[in-house]
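A.B. asks: sequence and predicted model, in that order:
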Amino acid sequence: MSARLVFLGRLEDLAGAGECEVPAGPLEAVLAALEPDLAVALLGERVRIALNGALLANRGGIVLGEGDELAFLPPVSGG
Amino acid sequence: MSARLVFLGRLEDLAGAGECEVPAGPLEAVLAALEPDLAVALLGERVRIALNGALLANRGGIVLGEGDELAFLPPVSGG
Amino acid sequence: MPGDAAGASLVDVRLLDAPFDPAAELAAFAAAHGGAGGIASFLGQVRAGDGVECLELRHYGPLTLPGMQDLARTTQARWQLEGLLIIHRTGQMAPLDPIVLVAAAARHRRDALAAVDYAMDHLKSQSWFWKREQCGGVWTWIEPRKQDFADLARWD
Amino acid sequence: MPGDAAGASLVDVRLLDAPFDPAAELAAFAAAHGGAGGIASFLGQVRAGDGVECLELRHYGPLTLPGMQDLARTTQARWQLEGLLIIHRTGQMAPLDPIVLVAAAARHRRDALAAVDYAMDHLKSQSWFWKREQCGGVWTWIEPRKQDFADLARWD
């Protein structure tokens, strides 16, 4: 059972890749297994998240299931 | 000794031509020799005049000399 | 300031009595001022489908082009532009024929868009053009529109 | 309303990962919407002379194009348009390469210019693009600019 995390913008540099496979499960558990620096950045308040292409209003209670894709979207670059 | 009057926009239709030769002399005398309808239209307050390509702020005291060109400019058409 | 060297290289103003190709003009302008980053433009064409068979624009030689050149200099002085193009037709045009093309190149998008907006408002309401349209074989002179004066007043 | 017949014919939104020719796109747009009378456009190109060797735009497939389509519908609903074109590049671009082209056709000049202005402000500040630049071989991610938020606030 695995899910996928997708990192956009500077989060990709921090993660060292544009995406990675993670075990399915609650988001807190998924983040706890990542590098601490990356996990902190992913939790930044200006980082929005999208589950399977749908923006989420908040990140409470997210549980990743098999094949789910969770994208971390830092502020867009503008001008 | 002659000067030239130039008629723009709808004044050309009224004059029947885009320009005409007139005897040199004071503007009042020149206008007095034209068709009354045309003379009245040329005196319209929204009609500006240009002497030899220079816009005039007012039309008092104009005397046309040999070769002068006096243009009558109705409001431009816009949009 | 017709002799101003910077103005001469930045501003291109033309009054044409024959058709022009707006796409080719814009491509050349973008190539010449590509470093600016942004190019805004407005193209006015003769409308189709209004029953207008022919549009004619008359001008007065001693005033019309000099007035357009003044407008270009005023526009260039008001915004930070790296290039400004103003092309205006005179004579008779058919539906879909280009009438006017204004393009502005700038580092900042707002400057380019505002310059085009400003130049168009002033070209439409203050430039020395008289327009008539032929519908059903009958020519009619076009009067100024109130909207043009309202547009112009935005810049006061 | 992706199934809206009028919207489908009036709005053309494309996200491209290969170069495009803005002059050809504008010429085609003008030909398709020539009856409108006026076409405003904005073309953004990679700046030259800033020392930027390469610009890269990343996007997120599930959000970026749908977001652009939403923006196109909002823009079309806000002004009286007869056509709206939004083309945006992704991937790596060299100086002078076109990045974005927005064009709006309308009967009234103000509508066309305002629609382009609005769409550009929202594309720049609200669309899902992440940008990085390569200077001296080093890649740097570009942060949002305060000016973008100020531009956006004009429409509130």
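C.D. replies: Received it, and whenever you're ready, just let me know what you need.
A.B. asks: for the chain, what spans make up the helices?
C.D. replies: You didn't say which chain, so I picked chain A. With helices called from DSSP state H, chain A shows them at A:10-15, A:27-32, A:36-42.
A.B. asks: not quite, I wanted chain C
C.D. replies: Using DSSP H, helices in chain C cover C:5-10, C:22-32, C:61-78, C:109-126, C:146-153.
A.B. asks: put the alpha carbons of the fourth one into PDB.
C.D. replies: By that I understand helix C:109-126. Extracted in PDB, the C-alpha atoms of helix C:109-126 (Å, rounded to 0.1, in the frame of the first residue of the first chain):
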ATOM      1  CA  ARG C 109       3.300  45.200 -17.300                       C
ATOM      2  CA  ARG C 110       1.300  48.100 -15.900                       C
ATOM      3  CA  ASP C 111       3.300  50.700 -17.800                       C
ATOM      4  CA  ALA C 112       2.900  48.900 -21.100                       C
ATOM      5  CA  LEU C 113      -0.900  48.400 -20.700                       C
ATOM      6  CA  ALA C 114      -1.500  51.900 -19.300                       C
ATOM      7  CA  ALA C 115       0.500  53.500 -22.200                       C
ATOM      8  CA  VAL C 116      -1.600  51.600 -24.800                       C
ATOM      9  CA  ASP C 117      -4.800  52.600 -23.000                       C
ATOM     10  CA  TYR C 118      -3.800  56.300 -22.800                       C
ATOM     11  CA  ALA C 119      -2.500  56.500 -26.400                       C
ATOM     12  CA  MET C 120      -5.700  54.900 -27.700                       C
ATOM     13  CA  ASP C 121      -8.000  57.200 -25.800                       C
ATOM     14  CA  HIS C 122      -6.200  60.200 -27.100                       C
ATOM     15  CA  LEU C 123      -5.900  58.900 -30.700                       C
ATOM     16  CA  LYS C 124      -9.600  58.300 -30.700                       C
ATOM     17  CA  SER C 125     -10.700  61.600 -29.300                       C
ATOM     18  CA  GLN C 126      -8.000  64.100 -29.900                       C
END
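A.B. asks: so for stretch C:148-156, what gets flagged as buried?
C.D. replies: Within stretch C:148-156, the residues that count as buried by 16 or more other CB atoms under 10 Å in any protein chain shown are C:148, C:151-152. Just so you know, the C-beta spots here come from the backbone N, C-alpha and C atoms, and that holds for glycine as well.
A.B. asks: residue C:19 against residue C:98, yeah?
C.D. replies: Yes - counting by CB atoms under 8 Å, residue C:98 is a contact partner of residue C:19 at 7.1 Å.
A.B. asks: need the residues of chain C near chain D, please.
C.D. replies: C:22-24, C:26-27, C:30-31, C:34-49, C:95-96, C:107, C:109-110, C:112-113, C:116-117, C:120, C:124, C:151 (CB under 8 Å from any CB of the partner chain).
A.B. asks: would you pull up the residue in chain A closest to chain D?
C.D. replies: residue A:53 (2.9 Å; CB to the nearest CB).
A.B. asks: pLDDT score for the closest residue to that residue other than its chain neighbours?
C.D. replies: Nearest residue to residue A:53, sequence neighbours excluded (CB to CB, 6 or more residues apart in numbering or on different chains): residue D:62, at 2.9 Å. Listed pLDDT for residue D:62 reads 96.
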